[in-house]
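J.: model the following, please.
(one chain, ligands or ions: 1)
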Amino acid sequence: MTENNNASAAADQPLVRIRNLSFRRAGRLIFDDVDIDIPRGRITGIMGPSGCGKTTLLRLIGGQLKPAAGSIDFDGMIINQLRRKSLFEARKRMGMLFQSGALLTDMNVFDNVAFPLREHTELPESMIHDLVIMKLEAVGLRGARNLMSSELSGGMARRVALARAIALDPDMIMYDEPFTGQDPISMGVLIRLIKRTNDALGLTSMLVSHDVAETASIADYIYVLSDGKVVGQGSPDEIRDSESEWVRQFMDARPDGPVPFHYPAPAFEDELLAGTRESS
Ligand SMILES: Nc1ncnc2c1ncn2[C@@H]1O[C@H](COP(=O)(O)OP(=O)(O)OP(=O)(O)O)[C@@H](O)[C@H]1O
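T.: Reported below is the predicted structural model:
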């Protein structure tokens, strides 16, 4: 195979390829032999009921957690087998945007976006300046560069966090519940921004969200997780039309269905009786 053929073969491969992933937490099986592909250049939505493991999945991909079994391949590197230094390098290629935004409160907007560039590169300050201004322009907040993070609205803080997440030009960006707590206008701004950032920078995006309509409006492909498994996958239209009970319960926000209301617990009567025994 020529070098060119190799390059185009790689471009056809998913950026993240998860195979036979199993993961336990506190004795509970969070993932049970799961396969997931995250295609390059696309936005992949990860949905599912609360506690099904969406954030855990992002942390497994970022190598902050290790699976009990299976492999997480990120662009040819098996994340769960990497040594510290290579994992650190791989992580630089993944931008993360968490719900809380987590800006550094004692810094202004400019310094928050400059932070990863100052930490991870040797670039001269003049170049850092231009890069920060470019990233802030991309999220529409160049004019807010001198504001302290405490002076930002929730929506603006998330946009600054996005500018910071793309500061090192990652290959992939993982959004964890980016819309939570936003009013409809800033939600609309964020949705457009996620789509525009993905397309303009040729990124690969993973979008963890409960917001069905918003996620379906920009995702190219959606995985629905529940009870340790992938219970549905497909284009937003396929997911909307799915007849799976698991998918329907989530998409139609039904309180009853295959997902139990109760977190696993010992039998109710046993626990009440144990209380009586303890107090006697
Ligand atoms: N540090 C931890 N120690 C033990 N169990 C944990 C820990 N963090 C999460 N869990 C458990 O792992 C499971 C998956 O949690 P996770 O946060 O990934 O779910 P999620 O799908 O992102 O939920 P949500 O939509 O509510 O944010 C939950 O049952 C949770 O209780």
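
J.: assign residue 96 to helix, strand or coil.
T.: Following DSSP: H, G, I helix; E, B strand; the rest coil, the label given to residue 96 is strand.

J.: need the contact list for it.
T.: For residue 96, the contacting residues are 58, 62, 165, 173-174, 176, by C-beta atoms under 8 Å, 6 or more residues apart in numbering. C-beta coordinates here come from the backbone N, C-alpha and C atoms, glycine included.

J.: make it 7 Å
T.: Shown in contact with residue 96 (C-beta atoms under 7 Å, 6 or more residues apart in numbering): 62, 165, 174.

J.: which one of the residues you listed has the most neighbours?
T.: residue 174 (26 neighbours; other C-beta atoms under 10 Å).

J.: pop out the phi and psi values for that residue.
T.: With angles defined as degrees, to the nearest 10, residue 174 sits at phi -110, psi 120.

J.: correct me if wrong: it contacts residue 58.
T.: Yes: when contacts are counted by C-beta atoms under 7 Å, residue 174 is listed as touching residue 58 (4.8 Å).

J.: so what does the strand or helix carrying residue 222 touch, helix or strand wise?
T.: Secondary structure assignment for residue 222, by DSSP states H and E: strand 221-226. Applying 3 or more C-beta pairs under 7 Å, 6 or more residues apart in numbering; DSSP states H and E, one finds that strand 221-226 contacts strand 43-47, strand 229-234, helix 236-240, helix 245-251.

J.: low-scoring stretches of the stretch 151-280 of the chain, by residue?
T.: 255-265, 268, 275-280 (pLDDT under 70).

J.: quick one: the strands in it?
T.: Using DSSP state E, counting those that start in this stretch, the strands of the stretch 151-280 of the chain run over residues 172-176, 204-208, 221-226, 229-234.

J.: could you dump those strands into TSV with distance to the ligand added?
T.: Converted to TSV, these look like this (distance: least, C-beta to the nearest ligand atom, whole Å):
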stretch	distance to the ligand
strand 172-176	7
strand 204-208	7
strand 221-226	7
strand 229-234	13
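
J.: would you format those strands as a markdown table with distance to residue 127 included?
T.: A markdown table is the format used below for the strands of the stretch 151-280 of the chain (distance: least, C-beta to C-beta, whole Å):
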| stretch | distance to residue 127 |
| --- | --- |
| strand 172-176 | 22 |
| strand 204-208 | 26 |
| strand 221-226 | 36 |
| strand 229-234 | 42 |
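
J.: and residue 116, how many neighbours does it have?
T.: Residue 116 has 17 neighbouring residues, counting by other C-beta under 10 Å.

J.: what's near enough to touch the residue nearest to it when sequence neighbours are not counted?
T.: Once flanking residues are discounted, residue 116 sits nearest to residue 167: 4.8 Å by C-beta to C-beta, 6 or more residues apart in numbering. By C-beta under 7 Å, 6+ apart, the contact set of residue 167 is 113, 116-117, 131, 135.

J.: any idea which of the contacts of residue 96 is the one closest to residue 156?
T.: Nearest to residue 156 among these: residue 165, at 14.8 Å, using C-beta to C-beta.

J.: now do the top helix by length along the chain: everything it contacts.
T.: Secondary structure assigned by DSSP state H gives helix 184-201 as the longest helix of the chain. Residues outside helix 184-201 that contact it (C-beta under 7 Å, 6+ apart): 43, 138-139, 155, 158-159, 162, 166, 175, 178-179, 182, 203, 205, 207, 214, 217-218.

J.: ok so, going back, shared neighbours of residue 174 and residue 58, anything?
T.: Listed contacts common to residue 174 and residue 58 are residue 206; contacts here mean C-beta under 7 Å, 6+ apart.

J.: no more questions from me, cheers.
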